[in-house]
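# predicted model follows, preceded by the sequence.
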Amino acid sequence: MSLKDVYATTLEEDIFHVDQTFDALFNFTYDESRTDLLDLYEKGKAMQWNAKERIDWSQELDPENPMELPDELFALNGFHLYEKMSRKEKAECRRHMQAWNISQFLHGEQGALICAAKIVQNVPEMEAKFYASTQVIDEARHVEAYKMLLDKFGVAYPMTPPLQELLGQVLRDSRWDMTYLGMQVVIEGLALAAFAGMRDHAQNPLAASVNAYVMQDEARHVAFGRLALRAYYPHLTEAERNEREEFLVEACFLMRDRFEAREVWEALGLPVEECVKHQNESEGMQMFRNFLFNRIVPIVKDIGLWGKTVQDGYAKMGVLQYASVDIDALQAEDEKIAEEFDARRSHIEDIAAIASE
């Protein structure tokens with residue numbers, strides 16, 4: 001299915017063109033001194049999977065609540081217009097909102113695919129090029145998986161302007177570390193938190209498994225960014241560090257404020273400003289926006305971008321408490337949960353095989 005046929009709002013252009021000027025670097029030393037990156041490369045090779053085989057695509061979505069998410073998590077829960085709607089109208093709202101979320105995951109993964117390909121060319125270390133090459137195929141698989149999931153919704157949404165703006169900034173910057181910082185730390189760090197919400201709250205097994213398996217890969221991608229930047233940032237000048245901290249805070253505010261779903265309310269014929277005001281003031285949205293940073297903040301501290309600009313910015317957001325989060329434990333849990341999904345599917349298949357004998 002071509003998504004062009006099911007976009008709920010106007011797709012202004014089929015192609016998002018980003019002019020880039022950066023050096024493609026060859027490294028003729030073929031050094032193997034970065035054993036941490038080589039170990040991650042080995043893990044990346046060993047953990048490749050096929051989206052068409054690992055996921056049971058025969059499963060369907062609930063037409064009234066596709067991912068079977070609790071209604072209290074819906075952005076308009078408690079909104080006077082939503083509460084007056086019929087069951088059918090509420091179901092359509094849920095379908096569009098969930099499709100909007102999956103659409104942004106899909107577009108973000110395509111952005112990660114392009115950024116990973118850029119890193120292969122742009123990063124100077126051969127070991128980093130090796131690992132980034134495994135991330136390219138990971139991101140292609142994620143685009144494939146989210147596209148197949150979105151096909152089952154029958155409706156899709158274009159990329160939000162804030163996400164498009166940040167991706168454009170990241171891709172236009174010629175410095176390899178800025179690609180890491182924008183994509184591996186900010187975009188993928190936020191995505192991990194959003195994926196976790198879907199994985200942990202969705203009662204639909206198909207939707208939950210797609211997010212679980214993608215998160216298993218993303219844990220490695222974020223680790224890649226941490227390893228590369230943690231080694232590089234101690235060598236920056238104060239001016240270079242300040243520039244990156246300012247970019248980081250601006251990017252975090254930009255991404256935090258992108259969850260307004262204006263396109264959804266417009267497509268559904270609802271009063272956009274009233275809907276945005278309700279969701280922004282709701283306790284659920286405030287908790288969600290705060291939770292989005294539980295993975296970014298400890299990573300930023302770990303890579304050494306922890307100056308006054310960043311700390312003041314995170315204090316203003318109210319997310320400084322996440323600095324003490326054990327990111328390694330979270331990523332280990334992501335891998336464990338994906339393995340549990342595999343075990344459940346294997347168990348179901350074993351029972352079905354016995355029943356058919």
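Looks like it arrived, so ask away. Numbers count the residues shown, from 1 in each chain.
# now do the helices in the stretch 251-357 of the chain.
262-267, 272-281, 283-291, 296-303, 308-317, 327-355 (DSSP state H, counting those that start in this stretch).
# buried sites along stretch 160-177?
160, 162-164, 166-171, 173, 176-177 (16 or more other C-beta atoms under 10 Å). Using the backbone N, CA and C atoms, a C-beta is placed for each residue, glycine as well.
# residues contacting the residue nearest to residue 62 when sequence neighbours are not counted?
Closest residue in space to residue 62, ignoring its immediate chain neighbours: residue 68 at 5.4 Å, by C-beta to C-beta, 6 or more residues apart in numbering. By C-beta atoms under 8 Å, 6 or more residues apart in numbering, the contact set of residue 68 is 62, 202, 203, 204, 207.
# buried among those residues? Make that a PyMOL selection.
The following PyMOL line selects those of the contacts of residue 68 that are buried, judged by 16+ other C-beta under 10 Å:
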select buried, resi 202+204+207
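# circling back to that earlier point, out of the helices of the stretch 251-357 of the chain, deepest packed?
helix 296-303 (a mean of 23; mean count of other C-beta atoms under 10 Å).
# where in this structure is the helix or strand with the lowest mean pLDDT?
helix 283-291 (a mean of 83; mean pLDDT, DSSP states H and E).
# might you list the low-confidence residue ranges for the stretch 101-250 of the chain?
Applying pLDDT under 70 to the stretch 101-250 of the chain flags no residue at all.
# show me where it has its helices.
According to DSSP H, counting those that start in this stretch, the helices that the stretch 101-250 of the chain contains are 126-151, 161-172, 176-179, 188-201, 205-232, 238-256.
# tell me the centre residue of this structure?
residue 191 (2.5 Å; C-alpha atoms, centre = their mean).
# tell me the contacts of that residue?
Counted by C-beta under 8 Å, 6+ apart, residue 191 has contacts 105, 108, 218.
# between the residues you listed, which is closest to residue 274?
Of all the contacts of residue 191, residue 274 sits closest to residue 105, with 26.5 Å by C-beta to C-beta.
# about what we covered before: is it fair to say the residue nearest to residue 62 lies in a helix?
No: read with DSSP: H, G, I helix; E, B strand; the rest coil, residue 68 is coil and lies in no helix.
# quick one: pLDDT of it?
At residue 68, the predicted lDDT confidence score is 96.
# any idea how far residue 149 is from it?
Between residue 68 and residue 149 the distance, using C-beta to C-beta, to the nearest Å, works out to 14 Å.
# which neighbours do those two have in common?
residue 207.
# residues near residue 178, how many?
By the criterion of other C-beta atoms under 10 Å, residue 178 has 19 neighbours.
# list the contacts for it?
Here residue 178 is in contact with 170, 244, 247 (C-beta under 8 Å, 6+ apart).
# go again using 7 Å as the cut-off
residue 170 (C-beta atoms under 7 Å, 6 or more residues apart in numbering).
# try residue 172
18, 19, 20.
# so what's the residue count around the second one?
By other C-beta under 10 Å, the residues close to residue 19 number 7.
# same check on the last one?
The number of residues packed around residue 20, counting by other C-beta under 10 Å, is 12.
# that one: which element?
Assigned by DSSP states H and E, residue 20 belongs to neither a helix nor a strand.
# hang on, it packs against residue 171?
Yes: between residue 20 and residue 171 a contact is recorded at 5.8 Å, counting by C-beta atoms under 7 Å.
# stretch 301-318: end-to-end distance?
Terminal residues of stretch 301-318 are spaced 15 Å apart (C-alpha to C-alpha, to the nearest Å).
# ugh, wrong one, stretch 71-88
Termini of stretch 71-88 sit 14 Å apart (C-alpha to C-alpha).
# average pLDDT for it, rounded please.
93.
# ok so, going back, most surrounded residue in the contacts of residue 191?
residue 218 leads these on contacts (other C-beta under 10 Å) with 27 neighbours.
# list the contacts for that one?
With the criterion set at C-beta under 7 Å, 6+ apart, residue 218 makes contact with 188, 191, 192.
# again, only this time at 6 Å
188, 192 (C-beta atoms under 6 Å, 6 or more residues apart in numbering).
# cool, and residue 272?
262, 265, 266.
# ok, so of the residues you listed, who is nearest residue 81?
residue 265 (10.0 Å).
# mind pulling up the pLDDT for the closest one?
Residue 265 is given a pLDDT of 96.
# show me what contacts the nearest residue to residue 3 once chain neighbours are set aside?
With sequence-adjacent residues excluded and distances taken as C-beta to C-beta, 6+ apart, residue 3 is closest to residue 156, at 4.5 Å. Shown in contact with residue 156 (C-beta under 6 Å, 6+ apart): 3, 6, 7, 103, 150.
# do that again at 8 Å, thanks
3, 6, 7, 8, 99, 103, 106, 150.
# name the member of the residues you listed with the most neighbours.
residue 103 (26 neighbours).
# wait, that residue touches residue 163, no?
No: using C-beta atoms under 8 Å as the test, residue 103 is too far from residue 163 to be in contact (10.4 Å).
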